[in-house]
Every structure is written in C-alpha cells, then in structure tokens.
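Peer 1: 3D, please:
(one chain, ligands or ions: 1)
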Amino acid sequence: MDLADIGVTGLAVMGRNLARNLARHGYAVAVHNRSAGRTQQLVKEFAGEGTFVLSEELAGFVASLKRPRRAIIMVKAGAGTDAVIDQLAELMEPGDMIVDGGNAHFADTRRREAALRDKGIHFVGTGISGGEEGALNGPSIMPGGSKESWEALGPILQDISAKVDGVPCAVHVGPDGAGHFVKMVHNGIEYSDMQLIAESYDLLRQALGATPAELAQVFREWNQGELESYLIEITAEVLDQVDVATGKPFIDIVVDQAEQKGTGRWTVQSALDLGVPVTGIAEAVFARALSGHPEQRAAAASLEGPKLSGVGGRELIEDVRQALYASKIVAYAQGFDQMAAASKEYGWDLELGAMATIWRGGCIIRARFLDRIRSAYDADPTLPTLLADPTFAAAVNVAQESWRRVVTTAVQIGVPTPGFSSALAYYDGLRRERLPAALIQGLRDFFGAHTYHRVDRDGAYHTDWSGDRAERPA
Ligand code: NBP
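Peer 2: Presented below is the predicted three-dimensional model:
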C-alpha cells in the first residue's frame, strides 16, 4: 500500500476542506474521523481531487502515514482534542508529529507540547484562520512547536496557505503555544475590527438617517482606500442584503445580540495577566456581552437620552472614516503589544513583522493595512508601539480632529461608541507627559503605605500621612 504524506483526523467542515486542500496540492492524504460516515462521504465526493487514504480506525490511519508521521487533528477544541492526542500518542513513535489545527487555548497547547516532548513526539499547536473557505482555498497558518517539526511541515503548510504577492501566509511562529497565542490575538483583533465597523454603521445611520443600502455604498467607497480589507468589503455586502420574506433590509431582521465562541475573551484574559491594555478588544468583547442581555436592555429602554438627533452633515462620513482608521491603528498597536509581552514572558522570540505578513491573506482580518505594519517592523524591529512608527503617527495625527468630532457627536446624540472612545482615550493617555497615576500613587501610599518613587531621586519613599507627614525612604 502507498503511504500517505500527511493525515487529517476530524473531518467536519474544517478538516474536510483542509484534507481536500492538501490533496489538491498533490499530497497523498490519510483521512479519518471518529464516526466513519464523514470519512466515507469525503472520499466518495472528492476522490477526483487527489489521493485520499481512508481509514475507519485510528490505528489504521497512523499505519497509513509515511515516517516520520505527520497527523493533523481538526476536532472540536477541548476534551475531544485531548482524547485524540492521547490515542495518537499511543500509536506514534519518537520523531512523529501531531498538529492541532483547532482553536485550542495556548496554555493547553503548552501543556500538551510539554507532555508529548517527554515522549519524543513533536506537538505543533497551529492557528488556522479563514474559516471553511480558507481551509479549502488557502488559509493563514500560524504553527508553533519545534524547529524540527517546522522543517518537516513548513513546506507543506506554506504550499497550502494563502499567498500574497507570492509570499505564503504561513511562518513558524515560535515554540510550544506561540502559534495558538498568535491566532488568539488575531481573533481578538477581529473582534475589535468588527466592533469599530459596527459603530461606524450605527453612528452614520443614527446621525444622518442614512439607509443600509446607502451605507453599503459608503463602505464600498471606503474599501477603495486605506481601509481596504475583507471585513469592510463584506460589510457592504451585508448592508446591501434585502430580506426576501419581508422586503426589509437584512440588517433590520437580524436579532441584535452578538454571539462569541470565546477567543476574544481569552485574549482579554491573557492581556490582563500580561498587564497589557488591549482596550479595543476588551470593549468589543464587552459590547457583545451588553448586546446579549435582553432583559436589562428592555428594563433600561425607557431611560432618558439626549434630545438632540440628526446632527451633522455629509462631512460626518469622512470624519467617521478617519475615526475608524485611527481606532483601528490603536487596536492593532495594542494587539501587537500583547504579542510582544507574551513573547518576552514565554521566551518565544516572536518576529512581529512576520505576524503582519501572514495575516495579509487567507484570514478574516486580511487587509492592505497589514503591509504598513510589516514595513513599520522592518524599519524598526524594536518599535515600542506601532503608534511611534512615523507613518502611523502621521496617519493618526491627520485623523485626530475627525476622531474627536466623531466621539463628541456620538456622545451628543447618545450613540454608544465604546471602541472609538476607548481608542481615543488610550491615544490621549499614551501621549500625555504626566498622567494622574501620580495621584493614584499618592492615594495608595496614604491608605496602604504602598510607597512611591520621586521624579527627582532614586529609591522608594513613604510619607507618614497619619503622623507628621514627613517623607522617609522606604
Ligand atoms: P467542530 O468544531 O464542529 O468539531 C467536529 C469534529 O470533532 C467532528 O469531526 C467530530 O467527530 C470531532 N470530535 C468531537 Br466533537 N469530539 C471528538 C472526540 N472526543 N474524539 C474524536 N473526534 C471528536 O468542527 P469544525 O468546525 O470543522 O472545526 C474543527 C476545529 O477547527 C475546531 O477546533 C474549531 O475551533 C477550529 N476552527 C474552526 C473554524 C471554523 O470556521 N469553523 C476556523 C478555524 C478553526 P464526529 O464527526 O464523530 O462527531
């Protein structure tokens, strides 16, 4: 029997499409699924696309792989992944590779990688973005794991990934959980991107009384410029859609409660642990949470708002475009800060410019904008914040008057824009020469003797607030 180059176990929508993508690129693909029906269906429907080696049992699947074995797991993240890893590890040998392409939490990936390393098996936690369409036609791929595993897997993963200007959207991200961490931050940024787009739509609709179809045209025009991206493109499509059953705009017949699978929440939880202010992502997660409380919203619906409405003319459209771009720069700056902090914390040595490169295609946040991020890190790999890059600094400088008018207008007419507002507050906080954190330090020293540092001398100090109020070195 001819042995397969690589295998995929877990053949729901993602695994099936990834297996087809591999087969279409000329790889012989071993395929397996817990319930054999999916495997048979795949081979029946798509045998013409390439070579599939079908196994109904996991032992047969492993036996059908060339050595060192390369097996990709595409099952529901969590307990299922652990179960499949345990079964595979029993059947594999030192030097073999288990790739987890599911949406695992990076801490789970670190745990699994360490456990399998003890057995000599390479565990490659791999972020895969682009949904089912990306899995089939070229996703953005973010593998972690050892350098040796990248040598064996990299050429295949680059082959099946999206390409932008001939450059594959797949790179070795770093050791152990680095790949899943970067995928998590990608998803967090995706939350933020969508929240800012939603705020733009909402504010323009409320302030100008524009129809969804008119706003679709606005987004279409924006997609010709610096905001060009997949999400802006599909926003126009969604806003243009008309519901067949009612003849109403599609957007008006959809329940306004946004769901979440958890990667945005994970991003914020990790950012809290790392001490990185990812306010754009956090506001996006909380805005979804607010939308998901219909009882509270119903109870609050009669609360008073401002009397103003319909302020602003067509110039608000350009202001909102500028605010969206500036807020987006802030959200990405924060996400990249989080990756830099994790890289330091976990010893990953992440190359931030490369992360921007592999997000340019195949994934949900793909955008022209990512080229600029890559250029910023090419020019200065140690950039302390993206906002310090001369190109982004200039862009935000151009946008800031519009940005302030947008936040002011939103506050005046009572339209919530937590993404725009928090991004502006972050920008203003970061650029301040003196922050009121000095007062917080004073208060902490007053009630808890937590000490403070002086601007003019080294060392920690405490003031005897309840006594003579004299300052002493701590
Ligand atoms: P699902 O997340 O819906 O998982 C279904 C697959 O998991 C089926 O193959 C199922 O086998 C298998 N499975 C389960 Br459930 N429990 C199992 C167990 N204990 N042992 C063995 N197999 C088990 O599939 P998906 O939407 O294709 O996603 C696959 C992975 O890719 C997930 O981790 C997901 O988070 C990730 N991901 C999804 C997307 C997306 O757009 N959908 C994008 C990026 C990443 P069965 O057929 O026998 O029930």
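Peer 1: what's the burial count for residue 433?
Peer 2: Residue 433 is flanked by 4 other residues according to other Cβ atoms under 10 Å. (C-beta placed from N, C-alpha, C; glycine too.)
Peer 1: Confirm for me that residue 124 is in contact with residue 147.
Peer 2: No. Using Cβ atoms under 8 Å, residue 124 makes no contact with residue 147, being 11.1 Å away.
Peer 1: So for the two, which residue has more residues nearby?
Peer 2: The neighbour comparison of residue 124 against residue 147 (other Cβ under 10 Å) goes to residue 124, with 28 against 11.
Peer 1: Next, the more buried one: secondary structure please.
Peer 2: Three-state call for residue 124 (DSSP: H, G, I helix; E, B strand; the rest coil): strand.
Peer 1: Please determine how far it is located from residue 53.
Peer 2: 21 Å (Cβ to Cβ, to the nearest Å).
Peer 1: Residue 444 now?
Peer 2: Relative to residue 53, and taking Cβ to Cβ, residue 444 is found at 64 Å.
Peer 1: now do residue 267
Peer 2: Counting by Cβ to Cβ, the gap from residue 267 to residue 53 is 38 Å.
Peer 1: Which one's more surrounded, those two?
Peer 2: In this view residue 267 and residue 53 are compared by other Cβ under 10 Å, and residue 267 has more residues nearby, 29 against 21.
Peer 1: what bits of the stretch 301-450 of the chain have low per-residue confidence?
Peer 2: Counting by pLDDT under 70, the stretch 301-450 of the chain has low-confidence residues at 308-310.
Peer 1: which ones are touching the one residue in the stretch 251-400 of the chain that gets nearest to the ligand?
Peer 2: Using Cβ to the nearest ligand atom, residue 261 is the residue of the stretch 251-400 of the chain that sits closest to the ligand, at 7.2 Å. Taking Cβ atoms under 8 Å, 6 or more residues apart in numbering as the criterion, residue 261 is in contact with residue 103.
Peer 1: Helix, strand or coil: sort out it for me.
Peer 2: Three-state call for residue 261 (three-state DSSP): coil.
Peer 1: Based on its surroundings, how many neighbours for residue 251?
Peer 2: Around residue 251 there are 18 other residues, counting by other Cβ under 10 Å.
Peer 1: What's the local residue count around the closest residue to the ligand within the stretch 51-200 of the chain?
Peer 2: Using Cβ to the nearest ligand atom, the closest approach of the stretch 51-200 of the chain to the ligand is made by residue 102 at 2.5 Å. Residue 102 has 25 neighbouring residues, counting by other Cβ under 10 Å.
Peer 1: Test my guess that it contacts residue 73.
Peer 2: Yes. Using Cβ under 8 Å, residue 102 is in contact with residue 73, at 6.6 Å.
Peer 1: what do those two both touch?
Peer 2: 10, 81.
Peer 1: Quick check: phi and psi at the residue of the stretch 251-400 of the chain closest to the ligand.
Peer 2: Per-residue torsions, residue 261: phi -90, psi -10 (degrees, to the nearest 10).
Peer 1: again with residue 7
Peer 2: According to degrees, to the nearest 10, residue 7 has phi -130, psi 160.
Peer 1: leaving aside the residues next to it on the chain, what's closest to it?
Peer 2: residue 30 (3.4 Å; Cβ to Cβ, 6 or more residues apart in numbering).
Peer 1: three-state assignment of that neighbour?
Peer 2: Following three-state DSSP, residue 30 is assigned to strand.
Peer 1: just to revisit the earlier point, show the pLDDT at the residue of the stretch 251-400 of the chain closest to the ligand.
Peer 2: Confidence at residue 261, expressed as pLDDT, is 84.
Peer 1: my read: the residue nearest to residue 7 touches residue 57, true?
Peer 2: No. Taking contacts as Cβ under 8 Å, residue 30 lies outside contact range of residue 57: 11.8 Å.
Peer 1: Between these two, tell me which one has more neighbours.
Peer 2: residue 30 (30 against 11).
Peer 1: For the stretch 251-400 of the chain, which residues are neighbours of the ligand?
Peer 2: Within the stretch 251-400 of the chain, not a single residue sits near the ligand (Cβ under 6 Å from any ligand atom).
Peer 1: The host helix or strand of residue 42 packs against which elements?
Peer 2: Per DSSP states H and E, residue 42 falls inside helix 36-46. Packed against helix 36-46, as judged by 3 or more Cβ pairs under 8 Å, 6 or more residues apart in numbering; DSSP states H and E, are the following elements: helix 13-24, strand 29-32, strand 52-54.
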